[in-house]
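A.B. asks: Compute the structure for the input listed below.
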Amino acid sequence: MPTGWKVGAQGITGRDVPMDAPCRKPGHVCEGRVSNAGARYGNTQNTGNLNIEMFSFEDVEAAQREYEERSASYAGEKDREVAMPTVGDVSIARSGANEFSGWPFTSLVMRVGTVVVAMAYTHRDAPDPQMLLALARMEAKRLQQAQSGEEPTASL
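C.D. replies: Take a look at the predicted model:
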């Protein structure tokens, strides 16, 4: 995270999805999901926050299905796609306004191997897409390192 950012209203959470969970069966909402995690960070001025959701899967096919579903769920009627370099194996970025605060946001959904990450950066004035891109690239690199059996060391 950028210097000074802190865990916000939602602390870091996570859980494994049990092998016998009904939703892991074919055709169900979390088919192939192994675990999920999330966190929300706030900036030092309390004018912006970053929400991150991560979902890991048994295989790339299940992760790709989640990427497609998550990409669609992050697309509000008034949101627009933002030109941004691809992060991870596949990604899409959008901008819009938060439905609760009205603050502008930039979001990015990406798949890195068997992990899907959804990030939304909301800021009172204007979210910096380049900051979101830098964070997403760092997260993608850390995921690639972990999936290769390396210790994740990528940082901003």
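
A.B. asks: measure the residue located most distally from the centre of the chain to Glu99 for me?
C.D. replies: For the chain, the residue at maximal distance from the C-alpha centroid (C-alpha atoms, centre = their mean) is Asp20, at 25.8 Å. Distance of Asp20 to Glu99, given as C-beta to C-beta, to the nearest Å: 36 Å. All C-beta spots, glycine's among them, are computed from the backbone N, C-alpha and C.

A.B. asks: ranges for the helices of the chain?
C.D. replies: Assigned helices in the chain, in chain order: 60-73, 129-147 (criterion: DSSP state H).

A.B. asks: Quick one: closest of these to Asn46.
C.D. replies: helix 129-147 (16.4 Å; C-beta to C-beta).

A.B. asks: elements contacting the closest one?
C.D. replies: Helices and strands touching helix 129-147, by 3 or more C-beta pairs under 8 Å, 6 or more residues apart in numbering; DSSP states H and E, are strand 48-57, strand 90-97, strand 104-112, strand 115-123.

A.B. asks: So which of these is nearest Ala154?
C.D. replies: Nearest of the helices and strands packed on helix 129-147 (C-beta to C-beta): strand 104-112, 11.6 Å.

A.B. asks: who does that closest one pair up with?
C.D. replies: Partners of strand 104-112 in the sheet, by DSSP bridges, are strand 90-97 (antiparallel), strand 115-123 (antiparallel).
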